[in-house]
Structures are given as C-alpha cells and as structure tokens.
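J.: Predicted model, plus sequence, below.
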Amino acid sequence: MRLAIWFLALLLAAGLAATPAVAQDRYMAGLGNNPGAPVGTPLVLPAGVRLVSVKGFDNDEDCKETELGVGDEELCLTFCTEEDRSFIAHIPAGTMFRNLAGEIFDRMKREGKSFQNVIVVEDLNIFIADSLCAHLMLPPSDREEAKRKLRAQRAAQGAPSPANPGLPSGGRFLLRAMCLNQQMDVPGEGAEYALGTVTSHPKLRLVLDAAKGRKIQDSGAKRLLQNAIWDVTEGYGLGQETLARLRALPAGR
C-alpha cells in the first residue's frame, strides 16, 4: 500500500513538472523544425475586404506598387473590395503568414525542403482603394482602363475619390517580414501563403515588444531582430542581453 502511494505521488510530480514544457510546445507549432500551423489569435480583416492571394515574391514588377514592412522575406499580397469604397486594414506586429502546399512545395518537401513561415515585426496600416474584386476578373491589360473609367464615373456623379490619410495604398503590396524557420527556404517563385494568426508565443511577444518603436532599417538592426526571433524558434535560448540590445536601438518607427 505504501509503495502504491509512493508510485502515485511520483506520477503526479512528473506530470506537474512536464506541464510547462507541454504548454511551451503548443506555441512551437510551425516554428523552427516543428510541424503544424503557428498558434495565435485570428486576424480579421474589415468586412468587405478579401485577401485574394499571398505569394512568394519573384521579382514581379506588378507587386511593387506599394512596399511596406521590415525584413528580408518578401511576400506579394493582393487585396480586393466587394464594393467601390475604401478601407483601412490593420496588420499588427506578430501577424504570421503560413506556407501552403502546392506543386512546387510538394516537390521541395520530397527533396527535404520547404518554404518558411514568416512574421510581421511592426504594426502596419494600409489603405485599400481602387481595387474592386470584379476588376481582378479582367485581363491585366484591361484593369487600369477599368479603374480609369470608375474614377471618371465618380467624377461625373460628383463623388470624390477615396481620400488617403497618408497610408501605404492600393490593392497589391510588397510585404517584407522575418523568418520563423531558419533551415527552410525563403519565399520565392511557387510559394503560396495564407494569412495566419497573431502570435501568442510568450517569448516572441517579448522580442516584438522590445523592438516596438525602434528603428529597424539598417542591416545590423535587422540582423539583431532576426537572430532574436531565431533564438526563440530554433531553441537557441533568448537572453536578456539580446532584449536589452533591441530596446537600446534608436527610436524611429
């Protein structure tokens, strides 16, 4: 009887000791070499706005309408609106984009490779206008003419074109972000992505909070922030010194 009680106590102690590790593992899905989709809070776009596609940037000049974000990983985001009106969409720091399976992705996976998931490292606001979903059905050569006719129709009706409050604007954006999987391939031709969640990982939140309001433009600052993210996602260990160095960067964002 005494032996049974001792054994039960040992099992309970082991279970309690394992709880933090299990909780931490839940946050590691989709990060580093871990399978699954990254864990976080869903990001909801304004009603009437659709994110049509998210693709790896492959030097498509059409995606250089508007550039935003910080990082070496580049995605081409295409939005459209159901109605002829403008919207402001907020993409907070910590928003993640997860790669999707496709023909090229499957081939790379068989070769032991895959595309990275990526994370936005600064708060972004974008102005989505002149990007009707109906126009996306037209051949690329006809889209600008359709937009021109729509603007002329507004003018004839005395309706002003949407006023931009000074935000990055358009329907297609080149987004720069940072890597969540150091050993995987950069987003490139054939890489397709979906809007994921806003990270709930406690240590990634520490990194993003330390970098908030800091100037992350030169290569040294970007490398410091990317390495801090990898310290979390690759299990290298995030140190207080790294967080202090991020907080010590010049203000600028």
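T.: Here it is on my side, so go on. Remember, it's a predicted structure, so these values are computed and weren't measured experimentally. Numbers count the residues shown, from 1 in each chain.
J.: Identify the spatial nearest neighbour of residue 143, chain neighbours not counted.
T.: residue 135 (5.2 Å; C-beta to C-beta, 6 or more residues apart in numbering). From N, CA and C alone the C-beta is placed, and that goes for glycine too.
J.: How many residues are close by the one you found?
T.: For residue 135, the count of nearby residues is 18 (other C-beta atoms under 10 Å).
J.: Secondary structure class of it, three-state.
T.: Under the three-state scheme (DSSP: H, G, I helix; E, B strand; the rest coil), residue 135 adopts helix.
J.: ok, now residue 242?
T.: Applying three-state DSSP: residue 242 is helix.
J.: Does the residue nearest to residue 143 touch residue 81 like I think?
T.: No. Judged on C-beta atoms under 8 Å, residue 135 makes no contact with residue 81 at a distance of 9.7 Å.
J.: ok, and the spatially most central residue of the chain, which helix or strand is that part of?
T.: Nearest to the mean C-alpha position of the chain, counting by C-alpha atoms, centre = their mean, stands residue 96 at 3.4 Å. Using DSSP states H and E, residue 96 maps to strand 95-100.
J.: What strands line up against that strand, and which way round?
T.: With DSSP bridges as the test, strand 95-100 is paired with strand 118-119 (antiparallel), strand 192-199 (antiparallel).
J.: what comes up buried for it?
T.: Neighbour counts over strand 95-100 (16 or more other C-beta atoms under 10 Å) mark 95, 96, 97, 98, 99 as buried.
J.: do the same with stretch 182-197
T.: Within stretch 182-197, judged by 16+ other C-beta under 10 Å, the buried ones are 182, 184, 185, 187, 191, 192, 193, 195, 196, 197.
J.: residues touching the fourth one, list them.
T.: It stands for residue 187. 55, 56, 57, 73, 74, 75, 99, 115, 116, 118, 193 (C-beta atoms under 8 Å, 6 or more residues apart in numbering).
J.: Correct me if wrong: residue 170 contacts residue 130.
T.: Yes. Counting by C-beta under 8 Å, residue 130 is a contact partner of residue 170 at 7.3 Å.
J.: Which one's more surrounded, these two?
T.: The neighbour comparison of residue 170 against residue 130 (other C-beta under 10 Å) goes to residue 130, with 20 against 16.
J.: Next one: the more buried one, what pLDDT does it get?
T.: pLDDT recorded at residue 130 is 82.
J.: Excluding covalently adjacent residues, which one is nearest to it?
T.: In this structure, residue 130 finds its nearest non-sequential neighbour in residue 147, 5.4 Å apart by C-beta to C-beta, 6+ apart.
J.: Now do the end-to-end distance for stretch 127-147.
T.: Stretch 127-147 has an end-to-end distance of 16 Å (C-alpha to C-alpha, to the nearest Å).
J.: residue boundaries of the helices in the stretch 101-250 of the chain?
T.: Assigned by DSSP state H, counting those that start in this stretch, the stretch 101-250 of the chain shows helices spanning 103-110, 140-156, 202-211, 219-233, 240-247.
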